[in-house]
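**Student:** sharing a model prediction with you, sequence too.
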2 protein chains.
Amino acid sequence: MNRTISPTSEACTNRLTSIGDALYVIGGKWKLRVIVALLEGSKRFNEIQRSIDGISARVLSSELKELELNGFVTRIVHTGTPIVVEYQITEYADTLSGVLNSLSSWGAMHRDKLRRER
Amino acid sequence: MNRTISPTSEACTNRLTSIGDALYVIGGKWKLRVIVALLEGSKRFNEIQRSIDGISARVLSSELKELELNGFVTRIVHTGTPIVVEYQITEYADTLSGVLNSLSSWGAMHRDKLRRER
DNA sequence: CGGTATCCCACAGGATACTG
DNA sequence: CAGTATCCTGTGGGATACCG
């Protein structure tokens, strides 16, 4: 590697594209929240909806489909009476624990800071 | 604390609101990218725009204003000829390093996984 | 260079109603 | 319960032009 060329700029570009890649799949208002809700344990559609404040059925439905497509969530249909549909996070979703932890602890810290300020 | 009540559910709710709080200020398509671009060092408006692929002047301008309002970025005007405006991240923005690191390393990991799969 | 002003539209996502 | 269908609005954000 040529050390006369600043590695900082390259590292920055890499971070930029990596963060872009991450946001592409887990960005948006709801994806991470759905995952967090399911980390607590498998849940059914309405249970998830009740866990997440403000999400509509239509949006939750589409978010779950995308999460399933990207391998974060498994949809399990228990045939029987009544039919029960259960959503479960996959092992792959566990790879997000670092992101989730840093995000939630930063969020808590930030909220406290705002409260102290005003 | 009453141990007969599951702490898991409460912890989940806390994470949910903390992540909500975090996304409220650093969510969206561009905020984190602008911060990452400036972590490399202070930059001027057009330099930032060139660093971040796809961002328009109008959007960059409004993102910078919000970031300034939230204490992540400082705007420094060097009067002179020509006038030079420089954007610099604040110390507070450094508190995001954990989020940034986990997000970028997860993004890189995920991208590699996708490449291996197809 | 460092923006602002305008215009515009695609789309995320809210509300409500309805179905198997 | 587990969604789908419909409708609709807000707004994020692109394109272009212009200004000090």
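**Tutor:** Everything's here; your move.

**Student:** OK, contacts around A:Thr13?
**Tutor:** When the contact criterion is C-beta atoms under 8 Å, 6 or more residues apart in numbering or on different chains, the partners of A:Thr13 are B:Ser51. For glycine as for every other residue, the C-beta is placed from the backbone atoms N, C-alpha and C.

**Student:** give me the neighbour count for the closest residue in space to A:Trp30 that isn't next to it in sequence.
**Tutor:** Spatial nearest neighbour of A:Trp30, excluding adjacent residues (C-beta to C-beta, 6 or more residues apart in numbering or on different chains): A:Glu63 at 4.9 Å. Residues lying near A:Glu63 (other C-beta atoms under 10 Å in any protein chain shown) number 21.

**Student:** pretty sure A:Glu63 contacts A:Val34?
**Tutor:** Yes: A:Glu63 lies in contact with A:Val34 (C-beta atoms under 8 Å); the separation is 5.4 Å.

**Student:** overlap in contacts, the two.
**Tutor:** In contact with both A:Glu63 and A:Val34: A:Ile55, using C-beta under 8 Å, 6+ apart.

**Student:** B:Asn14 versus the residue most central in space within chain A, what's the distance?
**Tutor:** Centroid-nearest residue in chain A, with C-alpha atoms, centre = their mean: A:Leu32, separated by 2.1 Å. Per C-beta to C-beta, to the nearest Å, A:Leu32 is found 14 Å from B:Asn14.

**Student:** residues near A:Ser56, how many?
**Tutor:** A count of nearby residues for A:Ser56, using other C-beta under 10 Å, gives 10.
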